[in-house]
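[1] Here is the input, now give the coordinates:
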Amino acid sequence: MSDPAQKLRVDKWLWHARFFKTRSLAAKIVTAGAVRLNGTRIAKSAVVVGPGDVLTFAKGDRVCVVRVLEIGTRRGPASEAQALYEDLSPPPPPRMEKPSVPRFDGGGRPTKRDRRKMDQSRRDALE
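    Now for the predicted structure:
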């Protein structure tokens with residue numbers, strides 16, 4: 001087994017790595033059973049993680065998969081926090097872009113004729 005000094009509570013590590021704004025929020029996510037450690041669901045925030053462990057959890061509308069590289073000694077700046085893990089998350093799905101709607105290019109308010117052109121092009125774009 002690895003050195004116990006190289007282990008840290010999972011809620012504290014998630015907070016150090018800046019995945020959650022507060023430690024209590026990280027603990028709430030862990031106790032809700034929304035975090036997996038090496039593929040096994042954990043329900044206690046006192047579970048310890050170390051270098052080489054893989055954490056899987058939901059963050060917003062995406063699933064984060066991270067490998068712990070270092071433990072860290074404090075909740076430092078974002079650059080220091082990003083050095084604590086390797087992101088293994090799948091890339092987000094491509095966004096569906098809306099059809100572009102022409103805008104009024106002239107200065108000031110559009111004239112009645114310009115307004116009719118814009119309305120017609122919007123109707124054409126939605127069809």
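[2] contact partners of stretch 45-57?
    2, 6-11, 13-14, 19, 26-27, 29-31, 34-39, 63-71, 88 (Cβ atoms under 8 Å, 6 or more residues apart in numbering). In short, each C-beta sits where N, CA and C put it, glycine included.
[3] Now, of those residues, which are buried?
    Among those, those classed as buried by 16 or more other Cβ atoms under 10 Å are 7-11, 13-14, 19, 26-27, 29-30, 35, 37, 64, 66, 68, 70-71.
[4] Keep only those of the residues you listed that are in helices.
    10-11, 13-14, 26-27, 29-30 (DSSP state H).
[5] tell me the secondary structure for the closest residue to residue 18 other than its chain neighbours?
    What sits nearest to residue 18 in space, not counting adjacent residues and going by Cβ to Cβ, 6 or more residues apart in numbering, is residue 81, at 4.2 Å. Taking DSSP: H, G, I helix; E, B strand; the rest coil as the rule, one finds residue 81 in the helix state.
[6] quick one, longest helix in the chain?
    helix 112-126.
[7] can you pull the buried residues of that one?
    Within helix 112-126, no residue counts as buried by 16+ other Cβ under 10 Å.
[8] what about it, distance to the chain center?
    39 Å (Cα atoms, centre = their mean, to the nearest Å).
[9] Same question for stretch 117-127.
    Relative to its parent chain, stretch 117-127 has a centroid offset of 36 Å by Cα atoms, centre = their mean.
[10] Cheers, nothing more for now.
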